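Q: Give me the fold of what follows.
(chains A, B, C and D)
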Number of protein chains: 2
Amino acid sequence: MSAPRPRDAEATKALLLRAATEEFAEYGLAGARIDRIADKAGANKRLIYVYFGDKDRLFDAVIDDQSQAVTEAVPLGDGDLVAFAATRFDYVLARPEARRIAVWRAFERAEPTDDEVAAYRSRLDSVTEAQRAGRLRADIPAADLFALVLRMTESWLSAPPALRAAAGDAAMSESRLKEHRAALLAAVRSVVQPAH
Amino acid sequence: MSAPRPRDAEATKALLLRAATEEFAEYGLAGARIDRIADKAGANKRLIYVYFGDKDRLFDAVIDDQSQAVTEAVPLGDGDLVAFAATRFDYVLARPEARRIAVWRAFERAEPTDDEVAAYRSRLDSVTEAQRAGRLRADIPAADLFALVLRMTESWLSAPPALRAAAGDAAMSESRLKEHRAALLAAVRSVVQPAH
DNA sequence: ACCTTATCACTATCCAGTTAGTTACAGGAG
DNA sequence: CTCCTGTAACTAACTGGATAGTGATAAGGT
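A: Okay, here's the model as predicted:
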């Protein structure tokens, strides 16, 4: 009946990882179903165990993949938190699963990897340096400032369903998103600019 | 063996709700276990079905309870978003389960209830009015401003594990929390104050 | 006597992980 | 080229334990 899967381990592995990313983003670790992942990938469930180990390790693989992707796609070179916020907003808007995976991960599998810690450390260093150079306000610790901006970038996308409903308008329409993006950047600017 | 539970329906129901709140906060809807909830409450599992219906409706009961509690405990009377941020920060710090339930809820059961929508609508009205009165900046739509402040209040408590690790210090020590609280309020002030 | 509250033992289902294979293909021997 | 053999990729069917939900019944209170 169904055409047999071409024998290509790398391709199959990639399909499984992609399917797992969707599934975990939607349902989380506890809610995800191995069988659904296999179906979505059009692969046999057994291959998940061959290639990734078990459910937890598949989740880890997804997390690693996602956090590497976001780290690359949303840089913070010179401590410009406004540009960072803009890039991150666009990124998360284009890939909603990135934010969902990050949240599930924080809730269901808290321990960070060394790579992740290193990535954040480098970002905090950028912030600290920009503070010293007077490009960012210095009366707020670097970690706090960064954490604030991080959450601000998601505020619209993670707004409570009831808030969106109360706001009435189509929160996700293109024009509304554009409006929010401008608001976000204005707000971030207000937060990070040095006192004059 | 075990002393029989006193026959008090209201008390038992309350114990079950409390246990369910803890369980759902920790594991989410999919990860929560009915048997654990019954054990934690020291009640018979069957009573969950008698008093609440099924797992989903128990989750709903927890959500209703929590969102009502937070609405009462964190008011936004006159549109003072700085005071709101302070109160909300303190509230979520004292009750971490409140934030976790809210997130699980947004992820696993998106539809808002009418009560919730009404609560947010009244808050948005407060913001809008304060904007008209010149007490809040008016170049950002009320919903956006509110959503931003909402997420800012949680930024430290919801910071990625890797960020906390990278920041090194004991992120949850009393002194560090006090420091962050001050930073948060300064940041919110910067965001919400009208352009001069 | 009656109703509410609580208990216990049970079931049907779901689901992660496994057992036991089969099929495609590469590379060498004749 | 053709046959043979070993190995990597893949598949189908199964299992055991966990888990949401239930039926039947007991006991407290009025």
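Q: Give me the mean pLDDT for the longest helix seen in chain A.
A: Ranked by residue count, the top helix of chain A under DSSP state H comes out as helix A:9-31. Predicted confidence along helix A:9-31 averages 98 (mean pLDDT).
Q: how about it, does it get close to chain B?
A: Yes. Helix A:9-31 reaches chain B (Cβ under 8 Å from any Cβ of the partner chain) through A:27, A:28, A:29, A:30, A:31. Using the backbone N, CA and C atoms, a C-beta is placed for each residue, glycine as well.
Q: got any ranges where chain A has weak pLDDT?
A: Where chain A drops to pLDDT under 70, the residues are A:1-4.
Q: And the helices in it?
A: Counting by DSSP H, chain A has helices at residues A:9-31, A:34-41, A:46-52, A:55-73, A:81-94, A:96-108, A:114-132, A:142-154, A:161-167, A:174-192.
Q: so how far is the third one off the chain centroid?
A: This points to helix A:46-52. Distance, stretch centre to chain centre, for helix A:46-52: 25 Å (Cα atoms, centre = their mean, to the nearest Å).
Q: and that helix, what does it pack onto?
A: Under the contact criterion of 3 or more Cβ pairs under 8 Å, 6 or more residues apart in numbering or on different chains; DSSP states H and E, helix A:46-52 touches helix A:9-31, helix A:34-41, helix A:55-73.
Q: how about TSV for those, with mean neighbour count added?
A: Shown next, in TSV, are the helices and strands packed on helix A:46-52 (neighbours: other Cβ atoms under 10 Å in any protein chain shown):
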stretch	mean neighbour count
helix A:9-31	19
helix A:34-41	17
helix A:55-73	17
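Q: out of the ones you listed, which comes closest to residue B:57?
A: Nearest of those to residue B:57, taken as Cβ to Cβ: helix A:9-31 at 17.8 Å.
Q: anything in that closest one near DNA strand D?
A: Yes. For a cut-off given as Cβ under 7 Å from any atom of the strand, helix A:9-31 has contacts with DNA strand D, namely A:9, A:11, A:12.
Q: and the first one, what does it touch?
A: If I follow you right, that is residue A:9. residue A:51 (Cβ atoms under 8 Å, 6 or more residues apart in numbering or on different chains).
Q: Check the spacing between it and residue A:52 real quick.
A: 12 Å (Cβ to Cβ, to the nearest Å).
Q: Against residue A:167, how distant is residue A:82?
A: 24 Å.
Q: just residue A:194 next, same as before
A: 33 Å.
Q: Between these two, which has more neighbouring residues?
A: residue A:167 (22 against 13; other Cβ atoms under 10 Å in any protein chain shown).
Q: Nearest spatial neighbour of the more buried one, chain-adjacent residues omitted?
A: Closest residue to residue A:167 apart from its sequence neighbours, by Cβ to Cβ, 6 or more residues apart in numbering or on different chains: residue B:143 at 3.8 Å.
Q: Settle this for me: the one you found is touching residue A:162, isn't it.
A: No. Applying Cβ atoms under 8 Å as the test, residue B:143 and residue A:162 come out as separate, 11.6 Å apart.
Q: what does chain A have sitting close to DNA strand D?
A: Neighbours of DNA strand D within chain A, by Cβ under 7 Å from any atom of the strand: A:4-9, A:11-12, A:43-47, A:50.
Q: Filtering the residues you listed by proximity to DNA strand C, which remain?
A: Answer for the residues of chain A next to DNA strand D near DNA strand C (Cβ under 7 Å from any atom of the strand): A:4, A:6, A:7, A:45, A:46.
Q: Just the buried ones from those?
A: For these, a burial check counting by 16 or more other Cβ atoms under 10 Å in any protein chain shown picks out nothing.
Q: out of the residues you listed, who's nearest chain B?
A: The shortest gap between chain B and any of those belongs to residue A:45, at 19.4 Å (Cβ to the nearest Cβ).
Q: Next up, phi/psi of the closest one, please.
A: Backbone torsions of residue A:45, given as degrees, to the nearest 10, read phi -50, psi -40.
Q: quick one: contacts of stretch A:58-75?
A: So stretch A:58-75 is contacted by A:16-17, A:20-21, A:24, A:29, A:32, A:37, A:48, A:52, A:84, A:87-88, A:91, A:97-98, A:101-102, A:105, A:108-109, A:113, A:115-116, A:119, B:162 (Cβ under 8 Å, 6+ apart).
Q: Would you show me how to pick out the buried ones of those in ChimeraX?
A: Burial among the contacts of stretch A:58-75 is assessed by 16+ other Cβ under 10 Å; the matching ChimeraX selection reads:
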select /A:16,17,20,21,24,29,32,37,48,52,84,87,88,91,97,98,101,102,105,108,116,119 /B:162
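Q: circling back: just the closest of the residues of helix A:9-31 next to chain B to residue B:134, please.
A: residue A:28 (44.3 Å).
Q: Need the nearest residue in space to that closest one, chain neighbours excluded.
A: In space, residue A:28 is closest to residue A:104, 4.4 Å off (Cβ to Cβ, 6+ apart).
Q: ok, how many other residues are close to that neighbour?
A: Residue A:104 sits with 27 neighbouring residues when counted by other Cβ under 10 Å.
Q: Residue A:173 too?
A: Residue A:173 has 10 nearby residues by other Cβ under 10 Å.
Q: Quick one: residues contacting the residue nearest to residue A:108 when sequence neighbours are not counted.
A: Nearest residue to residue A:108, sequence neighbours excluded (Cβ to Cβ, 6+ apart): residue A:29, at 4.3 Å. By Cβ under 8 Å, 6+ apart, the residues touching residue A:29 are A:55, A:56, A:59, A:104, A:108, A:109, B:31.
Q: ok, 10 Å please
A: The contact partners of residue A:29, taken as Cβ atoms under 10 Å, 6 or more residues apart in numbering or on different chains, are A:55-56, A:58-60, A:62-63, A:104-105, A:107-109, B:27-28, B:30-31.
Q: Ok, residue A:27 next?
A: Residue A:27 neighbours (Cβ under 10 Å, 6+ apart): A:33, A:36, A:100, A:104, B:28, B:29, B:30, B:107, B:108.
Q: now with 7 Å?
A: Applying Cβ atoms under 7 Å, 6 or more residues apart in numbering or on different chains to residue A:27 gives the contacts residue B:30.
Q: Before I go, just wanted to say thanks for your time.
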